[in-house]
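> sequence and predicted model, in that order:
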Amino acid sequence: MSTLRTAEGFRDHVSEQRFSVLRQPIVSLADGAIHHHEWLVRFDHDDHLEGVLRPAELSGVIKDLDLSMLAQAILVLNANPNDTGIAINLSGASVDKPNFKGAVLACLTALKASPTKLIIELTESWDMADLGLADALLSELKSRGHPVCLDDVGAGAASIRYLRALPCNWLKIDGGFVAAAFNTARDRAILKALLSLRDALDVRFIAEGVETEEIRKFVLELGFDAAQGYAIGRPEPETRIS
């Protein structure tokens, strides 16, 4: 078994920074300008990323990666205060732990750049047992000026529960849901209904998985605010990490 799939091996990889960070642009569909970049982690290993991250979530060591990415994003933003912005992912498996909020807030004391430049994405890969902990952290982050995004909306069973309980500025619609809506009237109707909640919920929408020009035109016509995918911009190495 790969050492990355063990808690100790994963923690060693993170502490020794044996992973790379890519950045992929999220572009405003209104004017084509880059709104911000999402940071994506890649391990120097043959394992599929999901096969690495899921065991880390189950063992609880995913928080090591979350906090490492947060700390590095803070360093990059402090050195580049005019950056368009960086989105980093926090796993629900981390947010679900009582001591995680304190660790995040302690890390943020080092941030000198505008909090609006640091976007927090909550992933839906983990079904959180206690949404109160997530609400407390995300509400605090939002009150400090950090944009909050719910990631992978439409990918799992927890989407509506999260949407009802958690504060957010952005909803990122899962690429599989976007592709399904492009191909079937039923999914398209559901997606349109979700988009109609924009003003009532005071949120904006990002379309994920925009891999073709046809999909880009589709999400633009539907009224998405921003998009991410190969038709928008491919991931590239984040060279500003020391």
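Received it, and whenever you're ready, just let me know what you need. Since we're looking at a predicted model, the values are computed, not measured.
> all contacts plus neighbour counts: C-alpha atoms, from now on.
Fine.
> identify the residues contacting the residue sitting nearest the centre point of the chain.
For the chain, the residue nearest the mean C-alpha position is Glu121 (3.4 Å; C-alpha atoms, centre = their mean). By C-alpha atoms under 8 Å, 6 or more residues apart in numbering, Glu121 lies in contact with 87-90, 148-151.
> pull the distance from the host helix or strand of it to the chain's centre.
In this structure, Glu121 sits in strand 118-122 according to DSSP states H and E. Computed by C-alpha atoms, centre = their mean, to the nearest Å, the chain-centroid distance of strand 118-122 equals 6 Å.
> quick check: mean pLDDT across it?
Regarding strand 118-122, the rounded mean pLDDT is 97.
> and for stretch 21-37?
On average, stretch 21-37 scores 97.
> name the residues that touch it?
Contacting residues not belonging to stretch 21-37 are listed as 38-42, 84-87, 206, 220, 224-229, 232-238 [C-alpha under 8 Å, 6+ apart].
> any of these buried? List them.
Buried members of the contacts of stretch 21-37, scored by 16 or more other C-alpha atoms under 10 Å, are 38-41, 84-87, 206, 220, 224-229, 232-233, 235.
> in helices, which of those appear?
Judged by DSSP state H, helices contain the following of the buried ones among the contacts of stretch 21-37: Leu220.
> that older thread, so after the strand holding Glu121, what's the next helix or strand?
Following strand 118-122 in sequence, per DSSP H and E, is helix 131-143.
> mind listing what's buried in that next one?
For helix 131-143, a neighbour-count test (16+ other C-alpha under 10 Å) marks 131, 133-135, 137-139, 141-142 as buried.
> that one packs against which elements?
helix 92-95, strand 148-153, helix 159-165 (3 or more C-alpha pairs under 8 Å, 6 or more residues apart in numbering; DSSP states H and E).
> quick one: distance of the helix or strand that the longest one is followed by to the chain centre.
For helix 159-165, the succeeding helix or strand toward the C-terminus, using DSSP H and E, is strand 170-173. Relative to its parent chain, strand 170-173 has a centroid offset of 9 Å by C-alpha atoms, centre = their mean.
> for strand 170-173, what does the pLDDT average out to?
Regarding strand 170-173, the rounded mean pLDDT is 96.
> when you give positions from now on, start the count at 46
Got it, first residue is 46 now, which makes that one strand 215-218.
> paired strands for that strand, with orientation please.
With DSSP bridges as the test, strand 215-218 is paired with strand 193-198 (parallel), strand 249-252 (parallel).
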